[in-house]
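Undergrad: Sharing a sequence plus its predicted fold:
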Amino acid sequence: MISVKAVLFDLDGTIFDMSERDAFSRFEALGRLGYDISLHDVRHCYSWGIGRLGVIRALGIKLSDEEIEKYLRLRFTFFMDRKNALSLTRIHKGAHDVLSSLSVRYKLALVTSRDGLMSTEEELQWFNIREFFDWVVTREVAAAYHGIREIPLYPFKEQRTKLYECVIGLTRIEPEDMLFIGDSLGELEPARRLNIKAVGVLTGWGSKAEMNDADIPTIRNITEIFKILT
């Protein structure tokens, strides 16, 4: 069991079910690169934990290093497209009730690699969960905290470290008294390096095998968090 004062949550994959939105963004990115692949084929290859390039490999596509970098950036751009965001996003079953219950007992912070604060809060309000968070930390918020113009998405772990440094500073809570719940190693490992307790949730990008290899405990979904908190 874990005793903490604050619980930090990632957003995409952890609270939100992004499977349809993510599959669509991969389809659009491949199309922009000139590949004539149907959305049906992308959906057929897609599954949680497949990894950033899993769909590419499943489709038998070989990309150069330059194409891989462009694909990943395009995928994120389409993923964040406001035109499709709300129609393709779902909230994980039970997430609303979990956040409501935890907000009575703990300080809650949302820590996301999304850039804009306003657009992120719009989605939180759409799903009626904004009220549960004491802090919402995006790259825009972290950049202001660090006194810099912007924080690029990549290198990813470097960016995540800056987000956690921001939330530690804003909350004034020691990292040892925090628990972070996220769905990928790229999110979890930087938190752990700052002495934040980290638990992986298996509803997003990461697989149980890679979490095990990194010695990070896991829960199947967000509702199981009550099994690990005192």
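TA: The structure has been received and is ready for your questions. These numbers were taken from a predicted model, which means no experiment stands behind them.
Undergrad: Return the residues in contact with residue 186.
TA: 156-157, 160 (C-beta atoms under 8 Å, 6 or more residues apart in numbering). Bear in mind the C-beta positions are built from the backbone N, C-alpha and C, glycine included.
Undergrad: Is residue 114 in contact with residue 122, as I believe?
TA: No - contact between residue 114 and residue 122 fails when scored by C-beta atoms under 8 Å: they sit 11.1 Å apart.
Undergrad: residue boundaries of the helices in this structure?
TA: For the chain, the helices defined by DSSP state H cover 19-32, 39-45, 54-58, 65-79, 82-88, 95-105, 117-126, 139-146, 156-171, 185-193, 208-213.
Undergrad: Give me the helices and strands touching the fourth one, please.
TA: Other elements packing on helix 65-79 under the criterion 3 or more C-beta pairs under 8 Å, 6 or more residues apart in numbering; DSSP states H and E are helix 19-32.
Undergrad: how far is the helix it packs on from where the chain is centred?
TA: Chain-centre distance of helix 19-32: 17 Å, with C-alpha atoms, centre = their mean, to the nearest Å.
Undergrad: what does stretch 55-75 give?
TA: 20 Å.
Undergrad: Please apply the same query to stretch 141-151.
TA: For stretch 141-151, the distance to the chain centre is 19 Å (C-alpha atoms, centre = their mean).
Undergrad: Can you point out the buried residues in it?
TA: 141-143, 145, 151 (16 or more other C-beta atoms under 10 Å).
Undergrad: How about stretch 209-229?
TA: For stretch 209-229, a neighbour-count test (16+ other C-beta under 10 Å) marks 211, 216, 218-219, 222, 225 as buried.
Undergrad: Show me which parts of the one helix or strand in the chain whose mean pLDDT sits lowest are buried, residue by residue.
TA: Least confident helix or strand of the chain, by mean pLDDT, DSSP states H and E, is helix 82-88 with a mean of 77. Across helix 82-88, burial judged by 16+ other C-beta under 10 Å covers 84-85, 88.
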